[in-house]
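Asker: Structure here, sequence nowhere to be found:
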């Protein structure tokens with residue numbers, strides 16, 4: 001399996017594993033933002049993980065934007081959507097999957113002795 005498709009597999013795992021915990025919670029509580037916030041802030045460890053994920057998502061958004069401007073990503077909206085709808089566990093491997101395609105094609109076209117743009 002190529003590295004690119006390993007990233008895609010990680011993207012799928014990064015969706016399935018978090019949702020395996022979220023869907024049962026959603027079935028118990030429904031779309032209740034108050035209950036979500038209460039459970040998210042249940043203790044300092046929960047807040048630690050929430051803050052870590054928010055910071056990681058912001059870093060991913062900035063990194064994706066920079067990679068798009070450098071021409072290494074065809075588009076960034078799927079990365080933003082995956083991160084907001086699932087989390088960094090989906091958005092980051094998706095960004096690597098998308099980045100691997102154009103980067104690999106450019107590297108193959110340039111040849112071994114030429115620098116890639």
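Answerer: Thanks, I have it. Worth saying up front: this structure is predicted, and the values here are computed from it rather than measured.
Asker: buried ones in the helix or strand harbouring residue 66?
Answerer: Using DSSP states H and E, residue 66 maps to helix 44-69. Neighbour-count burial for helix 44-69, counted by 16 or more other Cβ atoms under 10 Å, picks out 56-57, 60-61, 63-64, 67-68. Where C-beta positions appear, they are placed from N, C-alpha and C, glycine not excepted.
Asker: Tell me the one of those nearest residue 38?
Answerer: Nearest to residue 38 among those: residue 57, at 21.4 Å, using Cβ to Cβ.
Asker: quick one: contacts for the closest one?
Answerer: 83-84, 87-88, 91 (Cβ atoms under 8 Å, 6 or more residues apart in numbering).
Asker: Out of those residues, the closest to residue 21 would be?
Answerer: The closest of those, once distances to residue 21 are taken by Cβ to Cβ, is residue 87, at 11.0 Å.
Asker: Give me the most central residue, this structure.
Answerer: residue 91 (1.3 Å; Cα atoms, centre = their mean).
Asker: give me the number of residues near the nearest residue to residue 100 once chain neighbours are set aside?
Answerer: Of all residues not flanking residue 100 in the chain, residue 4 sits nearest, at 4.1 Å (Cβ to Cβ, 6 or more residues apart in numbering). Counted with other Cβ atoms under 10 Å, residues neighbouring residue 4 total 15.
Asker: Strands of the protein, start to end?
Answerer: Here the chain has no strands by DSSP state E.
Asker: So, low pLDDT: which residues of it?
Answerer: Low-confidence segments of the chain, defined by pLDDT under 70, span residues 102-117.
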